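Student: Predicted coordinates and the sequence they were generated for:
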Amino acid sequence: MKQFIVQSICIIAGCLLIGLAHNHLGERIPLFAFEPRYVVVRQVQDPDAPAQPDILIDRETLQAALEREDILILDARDHSDYVDGHIAGAVSLPISDYDTHIERISAVYPPDIEVVVYCSSATCELADALAQRLFAEKIFSNIKIYRQGMADWSNAQCPIETGEANE
């Protein structure tokens, strides 16, 4: 019985030391051997930063903004999905091809233009990933997410274009 107690204490102490070492070393020691393809951060705000407006936009607000024509709509889906059908006037910027296209897009549009990012539907996280990357790299300063995405847009019979865009 005494040996069992000593072994239990040694196991608990070992686990405690491993946990403390991991906390101290942080991300330098991965607990799992995989890297996520996309990292999605919904809305992180520095508590000392000025209040940010809501980053979500609904269909009605997006339709009104499209009438003003001072807006950039970015489609975060794969390019083949974009070609099959996209919000009229949208520009294809798949998160998977971000590095290939962002320099060209950022050279055409001013950094303070209103940007709306969308993908397939409310369950698609590509728009969140793209918006986070644009925000983190300070490419555009006024970024919104149309969370309902292409599914909502087409169900409401809003204007859709197919094929390549004239950029």
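Tutor: On my side now, so go ahead.
Student: Quick one: neighbours of the nearest residue to residue 162 once chain neighbours are set aside, just the number.
Tutor: Nearest residue to residue 162, sequence neighbours excluded (C-beta to C-beta, 6 or more residues apart in numbering): residue 85, at 5.2 Å. Every residue, glycine included, has its C-beta placed from N, CA and C. Residues near residue 85, counting by other C-beta atoms under 10 Å, number 15.
Student: Repeat that for the one 4 residues further on.
Tutor: The number of residues packed near residue 89 is 14, by other C-beta under 10 Å.
Student: Now do the helices in the chain.
Tutor: Along the chain, counting by DSSP state H, helices occupy 2-25, 59-68, 79-84, 98-108, 126-136, 149-155.
Student: can you tell me which of those comes nearest to residue 143?
Tutor: helix 126-136 (5.1 Å; C-beta to C-beta).
Student: Name the residues that touch stretch 132-152?
Tutor: 39-41, 55-59, 62, 72, 75, 77, 81, 85-87, 95, 98, 102, 106, 109, 111-122, 124, 127-128, 131, 153 (C-beta atoms under 8 Å, 6 or more residues apart in numbering).
Student: Just the buried subset of those, please.
Tutor: 55, 57, 62, 72, 75, 77, 81, 86-87, 95, 98, 102, 114-120, 124, 127-128, 131, 153 (16 or more other C-beta atoms under 10 Å).
Student: ok, back up a step: what about the residue nearest to residue 162, distance to residue 73?
Tutor: Separation of residue 85 from residue 73 (C-beta to C-beta, to the nearest Å): 13 Å.
Student: Likewise for residue 105?
Tutor: Distance from residue 105 to residue 73, by C-beta to C-beta: 11 Å.
Student: Please enumerate the shared neighbours of these two.
Tutor: Contacts common to residue 105 and residue 73, judged by C-beta under 8 Å, 6+ apart, are residue 91.
Student: tell me which helix or strand of this structure sits lowest on mean pLDDT?
Tutor: Least confident helix or strand of the chain, by mean pLDDT, DSSP states H and E, is helix 2-25 with a mean of 78.
Student: mind saving the C-alpha coords of that one as CSV?
Tutor: What follows is helix 2-25 as a C-alpha-only set of coordinates in CSV (Å, rounded to 0.1, in the frame of the first residue of the first chain):
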residue,chain,number,x,y,z
LYS,A,2,2.9,2.4,0.9
GLN,A,3,4.4,1.7,-2.5
PHE,A,4,1.1,2.5,-4.3
ILE,A,5,0.9,5.9,-2.5
VAL,A,6,4.5,6.8,-3.4
GLN,A,7,3.9,5.9,-7.1
SER,A,8,0.7,7.9,-7.2
ILE,A,9,2.5,10.9,-5.7
CYS,A,10,5.3,10.6,-8.2
ILE,A,11,2.8,10.4,-11.1
ILE,A,12,0.9,13.5,-9.9
ALA,A,13,4.2,15.4,-9.4
GLY,A,14,5.4,14.4,-12.9
CYS,A,15,2.1,15.6,-14.5
LEU,A,16,2.3,18.9,-12.5
LEU,A,17,5.9,19.5,-13.7
ILE,A,18,4.9,18.8,-17.3
GLY,A,19,2.0,21.2,-17.0
LEU,A,20,4.1,23.9,-15.4
ALA,A,21,6.8,23.5,-18.1
HIS,A,22,4.3,23.7,-20.9
ASN,A,23,2.7,26.9,-19.4
HIS,A,24,6.1,28.4,-19.0
LEU,A,25,7.3,27.6,-22.5
